[in-house]
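Colleague: Sequence first, predicted model second:
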Amino acid sequence: QLPLVDSGGGLVQSGGSLKLSCVTPAYTLDTYAIGWFRQAPGKEREGVSCISSGGTSTNYADSVKGRFTISRDNAKNTVYLQMNSLKPEDTAIYYCAARWSLYPCSVNDPYYDYWGQGTQVTVSS
């Protein structure tokens, strides 16, 4: 098991920013690709962004390109999702996920082995 703890969600006004974190205490993430997913009420889960284990490859959903930035600090076993220019339609529970991989990732790939508990992001209009 790879415990993932995601955090950083909250309530923000439209146009605001939040930074989500995904950390795995006591384990190293440097051989794991990390994805961020979200699920809004009544909607299917969707991929938001992902980053390869070495951090050299990133991928974003069209809906967040130019607004969200994924990054990682393997020394801190942490992956971040910086979310700027937030919109009400970004409101969802956000989950980070991990799988062992040394290859580039795709935001359309939902197959991850380990998942965080989720953090709520609410954007008011």
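Modeller: Happy to help now that I have it.
Colleague: show me where pLDDT drops low in the protein?
Modeller: Across the chain, the ranges flagged by pLDDT under 70 are 26.
Colleague: Show the contacting residues for the residue lying closest to Q39 once chain neighbours are set aside.
Modeller: Nearest non-adjacent residue to Q39, counting by Cβ to Cβ, 6 or more residues apart in numbering: R45, 4.2 Å away. Every C-beta, even on glycine, is put in place using the N, C-alpha and C of the backbone. With contacts defined as Cβ atoms under 8 Å, 6 or more residues apart in numbering, R45 is in contact with 37-39, 95, 110.
Colleague: Now for K87, how many residues are close by?
Modeller: Neighbours of K87 under the rule other Cβ atoms under 10 Å: 15.
Colleague: where's the residue nearest the centre of the chain, which helix or strand?
Modeller: The centroid of the chain falls nearest to W36 when counting by Cα atoms, centre = their mean (2.5 Å). Using DSSP states H and E, W36 maps to strand 32-39.
Colleague: Ok, N59 next?
Modeller: Assigned by DSSP H and E, N59 falls in strand 58-60.
Colleague: mind listing what that strand pairs with, with the direction of each?
Modeller: strand 46-51 (antiparallel) (DSSP bridges).
Colleague: Restrict the strand it pairs with to CA atoms and write it as PDB.
Modeller: Below are the C-alpha coordinates for strand 46-51, written out as PDB (Å, rounded to 0.1, in the frame of the first residue of the first chain):
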ATOM      1  CA  GLU A  46     -12.300  13.200 -14.900                       C
ATOM      2  CA  GLY A  47      -8.500  13.500 -15.200                       C
ATOM      3  CA  VAL A  48      -7.200  17.000 -14.500                       C
ATOM      4  CA  SER A  49      -3.500  16.600 -14.800                       C
ATOM      5  CA  CYS A  50      -0.600  14.200 -14.400                       C
ATOM      6  CA  ILE A  51       3.200  14.200 -14.000                       C
END
